[in-house]
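Trainee: requesting a structural model of the entry that follows:
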Amino acid sequence: MAAFDEQLFVGTWHIVASNFPMWVAGGRTQPRFHYEQLEPGRLSDRVTYVRRGRERQILGIDTRLPGDVPTYRWRGAGALRLLRSDWQVSQWDPGYEWAVITFAKSLVTPAGMDLIARSPGNELEKQSRELGLKML
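Mentor: The predicted structure follows:
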């Protein structure tokens, strides 16, 4: 696998499959991650989704942790500033059209995995089944 390039990773990603209860329960739809590089190893992280017809968002900052695998520590912003969660980009397409994000259990969330893609209609059903994820 090619070396991870944070500058190619930033931008908008659609969650197309997941095992995370927040997404698979069905009350929150159209989940997306929006990453912006603040400086090397530090990302602005905005999660958006639709709930009851309104777009909602969760804001945070990601700081890259040492190691070969691209691993980050998310820290919430605003009312969520006391929360944190570690996540990593465990697999990615060399063209950065899809990636697999895994995240550790936190105080308020279970461990899980998301299959993300640059476009919501990305045909990743085979990868989703292999990873044991539910298509959204």
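Trainee: what about the residue lying closest to Phe20 once chain neighbours are set aside, neighbour count?
Mentor: Excluding its sequence neighbours, the residue lying closest to Phe20 (C-beta to C-beta, 6 or more residues apart in numbering) is Gly112, at 4.0 Å. C-beta: built from backbone N, CA, C; applies to glycine. The number of residues packed near Gly112 is 19, by other C-beta atoms under 10 Å.
Trainee: Gly112 touches Thr102, doesn't it?
Mentor: Yes. Between Gly112 and Thr102 there is a contact at 7.4 Å, judged by C-beta atoms under 8 Å.
Trainee: next, give phi and psi for Ile116.
Mentor: For Ile116, the backbone dihedrals are phi -120, psi 150 (criterion: degrees, to the nearest 10).
Trainee: I figured it was touching Phe9, is that so?
Mentor: No. At 10.1 Å, Ile116 does not count as touching Phe9 under the criterion of C-beta under 8 Å.
Trainee: overlap of the contact sets of the two?
Mentor: Ala99 (C-beta atoms under 8 Å, 6 or more residues apart in numbering).
Trainee: pLDDT at Glu125, what is it?
Mentor: Reading off the confidence values, Glu125 has pLDDT 72.
Trainee: for the spatially closest residue to it that is not a sequence neighbour, the count of nearby residues, please.
Mentor: With sequence-adjacent residues excluded and distances taken as C-beta to C-beta, 6+ apart, Glu125 is closest to Met135, at 6.1 Å. For Met135, the number of neighbouring residues by other C-beta under 10 Å comes to 12.
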